[in-house]
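Chemist: Please work out how this folds:
(2 chains)
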Amino acid sequence: MTLTREEIRQRLEKVFQDVFDNDKIKLFETMTAEDLKEWDSLMHISLVVAVEKEFHVRLNAAEVGQLENVGAMLDLLARKNT
Amino acid sequence: MPPETKDKLATVKTLIAENRAEEAWSALKACVKPDDDFSLQHRYFKLFSKMPCERLGLLPVRVAFLASSTVDHFIEAFQFWMAVEGYSAQIFNNPFNTLEQTAADPGSALYAFKPDFIWIFTGYRDLDLAVRSGGSEALVREKIQENVERFTRLWQSIRQNSSAIILQNNADAPLVRPFGNLDGQAPWGCTNLYRQFNVALGMAADAGVVVLDIDHLSSEYGKARWCDERYWYHSKHAFALDASGFAAHQAACTIRACKGQAKKALVLDLDNTLWGGIIGDDGLDGLRLGHGTEGEAYVDFQRYVLALKNRGVILAICSKNEEENARLPFLKHPDMRIKLDDVAVFQANWDNKADNIREIARILNIGLDALVFVDDNPAERELIRQVLPMVAVPEMPQDPAEYIRALDCKKYFEMTAFSAEDAGRSTMYRENAQRAILQRQATNLDDYLQALNMQAISHTFDDFHLPRIAQLINKSNQFHLTTTRYSEAQIREIMKNPEYVCRYFKLKDRFGDNGLICVLILKKKDARILTVDTWVMSCRVLTRGMEEFVHNEIVKIARDLGLLMVEGCYLPTQKNGLVKTLYQKLDYELAEETATLSRWTLAISDDAVLRKTFIKPVSAY
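Modeler: Below you'll find the predicted structure:
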């Protein structure tokens, strides 16, 4: 079953909330690490691992580094889910 | 995440919010497993870090990482599992891949951190094991040697600047093999090179270096899962992030063993734990033990338990049974592997198991937190978890075929060295249990001590006993007046130094040999005073007059040296309250007292300072 972009966004938001342990986080397309204080390179790894688990995808080494903003994450997950 | 885990973690979060830290911590510990994935480990750490650490009763341990890969994520899991094992880990993480430079620099931040442990966190990628295919055995040996020497040099360099225990990863032999199966056959094969390196590294590790067998760890976890090259290329993570908790748990258990706080005794139920069936109902012939599917599994479980006993784990029985029935299989069943002589304390009665376990700890004179309780009955397990939360109670599977693994994977009984003392320890505890029973029968203490027929040897240090001497100094916490810690190398220096006098003591009685149970290091302070630098004693010989015997020996040594006074210090720690009043009891005078030290002196001209003991000094026994 293919997920809509909005469904992906909602689930991704939950992942962010879990990883950063903050239920108030709301995602938007242009959001980057700049917009979230705790989103540093270490947390990025934790985030990517959690994303892999949630969406049952396996990112390749290069993709891990390319997910620098929420829009790119959504694009990638939409692609991987079709 | 499974919904039940989610609920449990939500409960933990609520408890933290309600400022019920102790309950939150118990609840969290009850739902975590080392094998849980990285995202879960991350959440555990987050929850743990919200708790007020000082309320969890954790002992501080300082650990410095010297790593050749990114360990920041691993460190979270490590801090969490250290806490589960009872430690608050303070961490220093050196910028990665500066191992040699950092170790060689006495002014480095590493040494300023004053670590208790320095963890050289390396892996197979750190080795240069390229040997020409078909290369000679001599070439292989040379290559292995070169690689091992890189690490022995690193250890030496650390030793010059720090007395920390060194944790050294061995090589996690990689998954892929250019020659395939042949790599595990030919001496120059890739798999075999790592194997040979690991053997050589283990042999090169002397006291104070603990090799962490990450090759085993990666196999136990599953090499295919352990290796995740993507995160190596992306961010230099040496192994899969999901393996963090698993590796952290092993490391925390190893550190606990280094601190002398591994579990000491295994308390076992009988019916459906050591054999299938119920001896009181099914009778000797009705037990499933020895043949049949279950019967073989129970025999193997007994073999595993015996292997633990033979390396020093004390065995106790705790069973709801008529004592006579409970003993019957030990005496009569041909397939029993565990014999009565293997068991230090045998409690078979109808009292509740919590009381029986308390009694076992009392007879053995060890803490409840040194016990592991194995019972097939979930109700008994739950009772002990509730009433005696300090006792470790592994969840046991339904199937006896899985008993061994259920117990083994908990890593309760890790050890970092094995001495002759360890091999004989369970015998010693059994003898001690007999002493405790004699003591209850004797009408007064003097009669009891007299009846023990004790003999003691006092001897200067020698190479043969050095490992045990170092073990006693470094592992004892309770009867240790100054909590000095000396490596074997440092003890050798002390032995050569004419300012010092060293003695070890062995004690024997009618029930058996207690072995080397006391170590004394004395120092000539000046022309008049002999100072007790180190006085450490095994708690299993307490209150038998050994304190007085050692005291007399100190006085004699001081007199032989022509000195006039003995001086001893007590440096309080959380664990050595036992000896707070030792010098006072021996009639020393308090010369100085601060929060961190009390200093006691005793003039020795008068024979009245010598104490009566029932221990006969002998030169050999």
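Chemist: any idea of the mean pLDDT for the helix or strand residue B:357 falls within?
Modeler: With elements delineated by DSSP states H and E, residue B:357 resides in helix B:353-364, which encompasses its position. Average pLDDT, helix B:353-364: 94.
Chemist: ok, residue A:25 - contacts?
Modeler: A:13, A:16-17, A:36 (C-beta atoms under 8 Å, 6 or more residues apart in numbering or on different chains). Yep, even glycine has a C-beta here, placed from its N, CA and C like the rest.
Chemist: possible to save those residues as TSV with pLDDT, secondary structure and distance to chain B?
Modeler: Formatted as TSV, the entries for these read as follows, by pLDDT from 0 to 100; DSSP: H, G, I helix; E, B strand; the rest coil; distance: C-beta to the nearest C-beta, whole Å:
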residue	pLDDT	secondary structure	distance to chain B
A:13	95	helix	16
A:16	94	helix	12
A:17	93	helix	12
A:36	91	coil	15
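Chemist: Of those, keep whichever come out buried.
Modeler: The neighbour-count test (16 or more other C-beta atoms under 10 Å in any protein chain shown) applied to the contacts of residue A:25 identifies A:13, A:16, A:36 as buried.
Chemist: if I look at the last one, how far off is residue A:6?
Modeler: In this structure, residue A:36 and residue A:6 are 21 Å apart, going by C-beta to C-beta, to the nearest Å.
Chemist: interface residues of chain A facing chain B?
Modeler: By C-beta under 8 Å from any C-beta of the partner chain, the residues of chain A that approach chain B are A:18-19, A:21, A:41-42, A:45-46, A:49-50, A:53, A:59-62, A:64-65.
Chemist: Now, those residues that are in strands?
Modeler: Counting by DSSP state E, no part of these is found in strands.
Chemist: hmm, which of those are the buried ones?
Modeler: Restricting the residues of chain A next to chain B to buried positions leaves A:18-19, A:45-46, A:49-50, A:53, A:59, A:64, with burial counted as 16+ other C-beta under 10 Å.
Chemist: pLDDT on whichever strand or helix holds residue B:48, on average?
Modeler: When elements are assigned from DSSP H and E, residue B:48 belongs to helix B:38-49. Throughout helix B:38-49, pLDDT has a mean value of 95.
Chemist: list the buried ones in it?
Modeler: Applying a neighbour-count criterion of 16+ other C-beta under 10 Å, the buried positions in helix B:38-49 are B:38-48.
Chemist: helix or strand right after it?
Modeler: Past helix B:38-49, further along toward the C-terminus, the next helix or strand under DSSP H and E is strand B:59-67.
Chemist: Give the buried residues for that following strand.
Modeler: Buried residues in strand B:59-67, counted by 16+ other C-beta under 10 Å: B:61-67.
Chemist: That one: partners in the sheet, and parallel or antiparallel?
Modeler: The sheet places strand B:59-67 alongside strand B:87-93 (parallel), strand B:117-121 (parallel), with pairing taken from DSSP bridges.
Chemist: Tell me the buried residues in the first one?
Modeler: Think strand B:87-93. By neighbour count, with 16+ other C-beta under 10 Å as the criterion, the buried positions of strand B:87-93 are B:87-93.
Chemist: Format those residues as JSON lines; extra columns: pLDDT.
Modeler: JSON lines is the format used below for those (pLDDT from 0 to 100):
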{"residue": "B:87", "pLDDT": "96"}
{"residue": "B:88", "pLDDT": "96"}
{"residue": "B:89", "pLDDT": "97"}
{"residue": "B:90", "pLDDT": "97"}
{"residue": "B:91", "pLDDT": "97"}
{"residue": "B:92", "pLDDT": "96"}
{"residue": "B:93", "pLDDT": "94"}
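Chemist: out of these, who's nearest residue B:452?
Modeler: residue B:87 (38.2 Å; C-beta to C-beta).
Chemist: give the contact list for the closest one.
Modeler: Neighbours of residue B:87 in contact, by C-beta under 8 Å, 6+ apart: B:58-61, B:252, B:255-256.
Chemist: export the buried ones among the residues of chain A next to chain B to a markdown table and tack on pLDDT and distance to residue B:10?
Modeler: Shown next, in a markdown table, are these (pLDDT from 0 to 100; distance: C-beta to C-beta, whole Å):
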| residue | pLDDT | distance to residue B:10 |
| --- | --- | --- |
| A:18 | 90 | 12 |
| A:19 | 91 | 16 |
| A:45 | 91 | 25 |
| A:46 | 91 | 20 |
| A:49 | 92 | 21 |
| A:50 | 93 | 17 |
| A:53 | 91 | 19 |
| A:59 | 90 | 29 |
| A:64 | 85 | 30 |
